[in-house]
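Peer 1: 3D model of this:
(chains A and B)
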Amino acid sequence: MKSSQIANLIRSLLRQPQSALGTLLVLFFLLPALFGPQLAPYANPNDQSHDARQPPTLDIGALQLGEYPFGTDRLGRDVYSRVILGASSIFRIAGLGTLVSVVLGSALGLFMGYAGGWVDEILGRVIDALLAIPALLLALVLVGIIRNLDFAAGSWQAGLADNVVLLVISALYIPIVARVARSATLDIKTREFVEAAEIRGESKLYIIFREIMPSVIPSLVVEASLRFSYAIFLVASLGFLGFGARPPSPDWGLMVNENRGGFYQLTPWALEFPALAIAVLVIAVNLMSDGIRRSVQKGA
Amino acid sequence: MSAAAPLLNVDKLTISYRIKRDWIPAVRDFRLRLGPGQIVGLVGESGSGKSTVALALMRYLSGNGRVESGGLLEFAGEDLLAKSNVDMRRLWSKRIKFVPQNAGAALNPSIKIGRQVTEVLKAADGIEGKAATDAMIDMFHQVNLVDPERVAERYPHELSGGMQQRVTIAMALISNPDLLIMDEPTTGLDVTTEAVILDLVRGLIADRHTGVIYITHNLGVVAQLCERVLVLYAGEIMEEADAHDLFQHPHHPYTRGLINSVPKPGQSKYQARLQSISGNPPALTQQASACVFADRCPLAIDRCRTEKPPLERLPAARLARCHRWEEVDAVAQPPSKSPPIAMGGDLPTSASDITPLPSLWGKGPGDGGATTLMRVSDLSKQFPVAATLREALRRVKPTPIRAVDGVDLQLRAGQTLGLVGESGSGKTTLARLIIGLEQRSSGKLELLGLDVRNSVRERSPDVLSHLQMVFQNPQNSLNPYLSARQAIRRPLIKLRGLPPDAADAEALALLERVNLRAEYAERYPDELSGGEKQRVAIARAFASDPALIICDEPVSALDVSVQSAVLNLLAQLQEAHSSAYLFISHDLSVVGYLADTLAVMYLGQICEVGEARELFQPPYHPYTEALVSAIPVADPGHKTERILLSDNLPSAQNLPSGCRFHTRCPRKIGVVCEQEAPPWREGGASHRIRCHIPLDELTTLQSDLVAADLAPAAEDS
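Peer 2: Numbers count the residues shown, from 1 in each chain, chains lettered A, B, ... in the order given. Okay, the predicted model is just below:
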């Protein structure tokens, strides 16, 4: 993308009310993700020194946070601090997972699309087969398998296993991104400027990355924003199902799971605030990616 | 002119489009009077507003367009601007009809042709059932659709482009409309088909009282069809006159520029440069308090830039919008800035160490002992066809498509070989085989005496640098993410081996040679006009100083006024670089202008080859004869007897036996044409025709054709 295109994208994102709202909300959520320890009243999410089951002191009308804005949970942890501190992990896992899947997926897709023939045929069928399995189910199976592998503590495999959700997101989204990149490549590779590169004897890599890729990037940007919104949803879902972060980490999905059932009667706020955070973030990212899609398609 | 009340009376019509928040007038002060039975031509380049006019006249503008108040739009005495959409719909269904450019897209793909046509009758007159079917069959006969009953039972995709256009014309005329608006109805069609459709329109209108507005960018079509012509430029009428007066004595510099920029059949680069209009049309948003044409006008004076000329009424029922109209015709044509191409050229240095091959063509213009640069022998390409289920079960191998079938060609260094033929004749496939983008099935290709490998990937850098290509569509031939400089420097680095600094300097020099200022270097394709893009593409092709450049329809996507400048540039660069061209086009006049030798291709085979000037004189191959006669010449006084070919080209999968042309040949002599492949007949040293009819017989048959005024060109100019 040329810098003028990026400027245009940002301008048109802020022009439409929905996408402007989405974008501003995502930026708002980035604050706790980046500066969590500074913003949270209690930097340790597992500080149990507070009185348990305190109701929220947040007063929106008076614009006052109070001592425990979102209350405390049954173990005496400050929910407000936990929600703030949990933001970074969801952004990190969803963001990195999206980045890895977009980079690898688009490389795969560009290669398949440009090579064509039986390479494309075989890889295409494999991707089709992978996409036939529901994403969440596949994620659960993969997490389950990796969790049960025994790695020596401190080895690189153990390091990978700690980031199992990130790995699973990447693995799930690589074929999806590859498919998008492939179809965009199929369109571009018949353009005459690609043939002009061929008749001056350019290498395949040059043609793929220098001639074709710039034209594919706009559709990859759209796909990346869409993937990111699904990734956030998936991280939260896995956390809720107990396949993501493990207690006592301040993962939003996990917090919802830990405070449901009988505990909900005791401390409804300990479930409601993380659930609200998930919902608002997912909607915000969706609005933003919708806006990105609209403005990229308009510009193309 | 029509003494009766005009059918259509338009005056002071201004049409605006909304761009963001502003309404920009796209067409200003438009006027038109059309009588019953009259054909008025509306000529203009892309962006001149001619389609906008068509839509506005029909009150069919899209939501972001509107007709400004204060204009007059009267149809048969009624004010159309005051009508509601319901009333308009009633008019559209019967009295005002529209024939679109792309018939394929205008017909509903999932409804049979017959029903689509009878639906029109039902809406127009409430006629249904047998009566409607009979009327439809009758109409199909009138538009010369062969076997109307079967056509009615088909779906649009089963018809050729020419047949689809006949159907839309039948649909338009079946309700006996008073007004017919035709928007470039032949633009997407081959010349041969175009000739047939024009003939048909002329004949059909003569029998009716329908007034026709014919929109086109092609001056030749206007000259052949219309009695009155309006020339539109940047949304304003430049000139209006009877067709004959307009072409003989244009009163506006733009009209004169347009007429002179079209090469006449038989005109060659050795005679004179084409006149061209420099510059680009103004942007829509550029509101002019000056003459809209002033920036490109050779006659512009200070007054033209400060005062907008009015549309003046001139003698002989003419109108022109020019301060200096009296001088346009009187002032002698400005001498073209550069002299015509000199005969002969230096050999490319790389070719000098090649032993000359005996020339097949003998002496011709520029034949200063030029060596054969490229030799193609028995080149063929078959595209395999996927087997249907039935074929697969029966283990039958489907017949492949024989796109190129045993082609022999030679091209001498520094010369131009023109290749013409209808779409589907295999000319583009032949070009792609030579350049290596398609793999040939059999045959041999020699360049500079060296055997050239099949695919681009196997070719040596030497061959690659000597074989370059200019593509048809300037829109797609440049990478949108590379600036002009980046696009040109890459082949300099890759093929000429220049270091990056030198490549940058050379890229600027090349831009200058294609007449683009240095500031264009950092522009991206979306900041360039079509003609400018094509110039950059040409500079890129010349970067490696190739011995042969393949030009696949390089000007067909460009506007007339830009086209001639690009043709001049190609001629000039060829002279400077001594490069040879293989120039492919469907437009015989364009090819004839640049080419030294011409080859005519039909269904994968060459059917005639010879010196360019010989091809515009008898004897012709009957197919060439039809092509030449079909050229719409931009001169209303020029009436040729057209040879009309049927518009169904046989499929390349199921080629006719014997002579491939026998199914459409007007000069077929009998069974021998159907059974035996015709022999090559030699006429003179360089002229060869593949036909069963002996050449002297062909000459006698064809000499009664008004070919005489076609052959030596530029007599009347």
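
Peer 1: Could you verify my assumption that B:Ala580 touches B:Gly418?
Peer 2: No - proximity of B:Ala580 to B:Gly418 does not meet the contact threshold set by Cβ atoms under 8 Å, at 11.8 Å. Heads up, the C-betas are built off the backbone N, CA and C, glycines and all.

Peer 1: and these two? which has more neighbours close in?
Peer 2: Set side by side, B:Ala580 and B:Gly418 show unequal neighbour counts under other Cβ atoms under 10 Å in any protein chain shown, the larger going to B:Ala580 at 27 against 24.

Peer 1: got the contact list for the more buried one?
Peer 2: By Cβ atoms under 8 Å, 6 or more residues apart in numbering or on different chains, B:Ala580 lies in contact with B:373-374, B:411-417, B:547-549, B:574.

Peer 1: Looking at those residues, which is nearest A:Tyr80?
Peer 2: Closest approach between the contacts of B:Ala580 and A:Tyr80, by Cβ to Cβ: B:Ile549, at 71.6 Å.

Peer 1: Just the element for the closest one, please.
Peer 2: In this assignment (DSSP states H and E), B:Ile549 forms part of strand B:548-552.

Peer 1: Check whether that strand comes near chain A.
Peer 2: No - taking Cβ under 8 Å from any Cβ of the partner chain as the criterion, strand B:548-552 and chain A are apart, separated by no less than 9.1 Å.

Peer 1: With only the CA atoms kept, save that strand in CSV.
Peer 2: The C-alpha trace of strand B:548-552 is given here as CSV (Å, rounded to 0.1, in the frame of the first residue of the first chain):
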residue,chain,number,x,y,z
LEU,B,548,11.8,-6.9,-32.2
ILE,B,549,8.8,-5.5,-30.4
ILE,B,550,5.5,-7.2,-30.5
CYS,B,551,2.7,-4.6,-30.4
ASP,B,552,-0.6,-6.3,-29.6
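
Peer 1: Could you list every helix and strand that it packs against?
Peer 2: Contacts of strand B:548-552 with other secondary structure elements, assessed using 3 or more Cβ pairs under 8 Å, 6 or more residues apart in numbering or on different chains; DSSP states H and E, are made with helix B:427-435, strand B:467-470, strand B:580-585.

Peer 1: residues in contact with the helix or strand following the last one?
Peer 2: So the one you mean is strand B:580-585. Using DSSP H and E, the helix or strand that follows strand B:580-585 towards the C-terminus is helix B:588-594. Counting contacts by Cβ under 8 Å, 6+ apart, the residues outside helix B:588-594 that touch it are B:191, B:262-269, B:274, B:416, B:418-420, B:555, B:563, B:567, B:570-571, B:581, B:583-585, B:598, B:612, B:615-616, B:627-628, B:631.

Peer 1: Out of the residues you listed, list just those in strands.
Peer 2: In strands, judged by DSSP state E, the following of the contacts of helix B:588-594 are found: B:416, B:418-420, B:581, B:583-585, B:598.

Peer 1: Check these and tell me the two furthest apart.
Peer 2: Of all pairs drawn from these, the one with the largest separation by Cβ to Cβ is B:Val420 and B:Tyr581; the distance is 13.7 Å.

Peer 1: got the contact list for B:Thr216?
Peer 2: By Cβ under 8 Å, 6+ apart, the residues touching B:Thr216 are B:41-43, B:184, B:186-187, B:222.

Peer 1: now with 10 Å?
Peer 2: For B:Thr216, the contacting residues are B:41-44, B:50, B:101, B:182-187, B:222, B:225-226, B:632, by Cβ atoms under 10 Å, 6 or more residues apart in numbering or on different chains.

Peer 1: Comparing B:Val420 and B:Tyr581, which residue is more hemmed in?
Peer 2: B:Val420 (28 against 24).

Peer 1: Assess the claim that that one and B:Phe616 are in contact.
Peer 2: No - with contacts counted by Cβ atoms under 10 Å, B:Val420 stays clear of B:Phe616, the gap being 11.8 Å.

Peer 1: shared neighbours, those two?
Peer 2: Taking Cβ under 10 Å, 6+ apart as the criterion, B:Val420 and B:Phe616 both touch B:588, B:592, B:598, B:624, B:628.

Peer 1: From these, pick the one nearest B:Arg667.
Peer 2: The nearest member of those to B:Arg667, counting by Cβ to Cβ, is B:Thr624 at 11.4 Å.

Peer 1: Can you get me a residue count around B:Leu232?
Peer 2: Applying other Cβ under 10 Å, we find 23 other residues in the vicinity of B:Leu232.

Peer 1: ok but it is inside a strand, no?
Peer 2: Yes - B:Leu232: assigned to a strand according to DSSP: H, G, I helix; E, B strand; the rest coil.

Peer 1: Look up how far A:Val165 lies from A:Gly97.
Peer 2: In this structure, A:Gly97 and A:Val165 are 7 Å apart, going by Cβ to Cβ, to the nearest Å.

Peer 1: How about B:Leu695?
Peer 2: Going from B:Leu695 to A:Val165 by Cβ to Cβ gives 82 Å.

Peer 1: ok, B:Ile693 - contacts?
Peer 2: B:619, B:621-622, B:665, B:667-669, B:672-673, B:678, B:681, B:699, B:701-702.

Peer 1: go with 7 Å
Peer 2: By Cβ atoms under 7 Å, 6 or more residues apart in numbering or on different chains, the contact set of B:Ile693 is B:667, B:669.

Peer 1: Look up phi and psi at it.
Peer 2: In this entry, B:Ile693 is assigned phi and psi values of phi -80, psi 130 (degrees, to the nearest 10).

Peer 1: Sketch out the low-pLDDT regions of the chain for me.
Peer 2: In the absence of a named chain, chain A is used. Applying pLDDT under 70 to chain A flags the ranges A:1, A:298-300.

Peer 1: oops, I was thinking of chain B
Peer 2: Low-confidence segments of chain B, defined by pLDDT under 70, are located at B:1-4, B:285-288, B:330-370, B:639-640, B:647, B:704-717.

Peer 1: Near chain A, which residues of it are found?
Peer 2: Chain B comes close to chain A at residues B:435-437, B:456, B:461, B:464, B:468-469, B:471, B:473, B:476-481, B:491, B:494-495, B:540, as judged by Cβ under 7 Å from any Cβ of the partner chain.

Peer 1: Among these, name the buried ones.
Peer 2: Neighbour counting with 16 or more other Cβ atoms under 10 Å in any protein chain shown marks B:435-437, B:456, B:464, B:468-469, B:471, B:473, B:476-481, B:491, B:494-495, B:540 as buried within those.

Peer 1: List the ones among those that fall in strands.
Peer 2: Counting by DSSP E, the members of these that fall within strands are B:468-469.

Peer 1: what helix or strand does the closest residue to B:Ile493 other than its chain neighbours sit in?
Peer 2: Leaving out its chain neighbours, the residue that sits closest to B:Ile493 by Cβ to Cβ, 6 or more residues apart in numbering or on different chains is B:Ala503, at 5.0 Å. Secondary structure here is read from DSSP H and E; on that basis B:Ala503 sits in helix B:500-513.

Peer 1: give me phi/psi at the residue of the stretch 1-150 of chain B found nearest chain A?
Peer 2: With distances taken as Cβ to the nearest Cβ, the stretch 1-150 of chain B approaches chain A most closely at B:Lys20, which sits 11.3 Å away. Torsion angles at B:Lys20 (phi, psi; degrees, to the nearest 10) stand at phi 50, psi -110.

Peer 1: swap in B:Val385?
Peer 2: phi -110, psi 130.

Peer 1: these two touch, right, it and B:Ser651?
Peer 2: No - with contact defined as Cβ atoms under 7 Å, B:Val385 does not count as touching B:Ser651 (10.7 Å).

Peer 1: Okay, helices next: where are they in the stretch 51-200 of chain B?
Peer 2: B:85-94, B:103-106, B:113-125, B:129-142, B:148-152, B:161-173, B:191-206 (DSSP state H, counting those that start in this stretch).

Peer 1: tell me the most buried of the ones you listed?
Peer 2: Stretch with highest mean neighbour count among those: helix B:161-173 (a mean of 24; mean count of other Cβ atoms under 10 Å in any protein chain shown).
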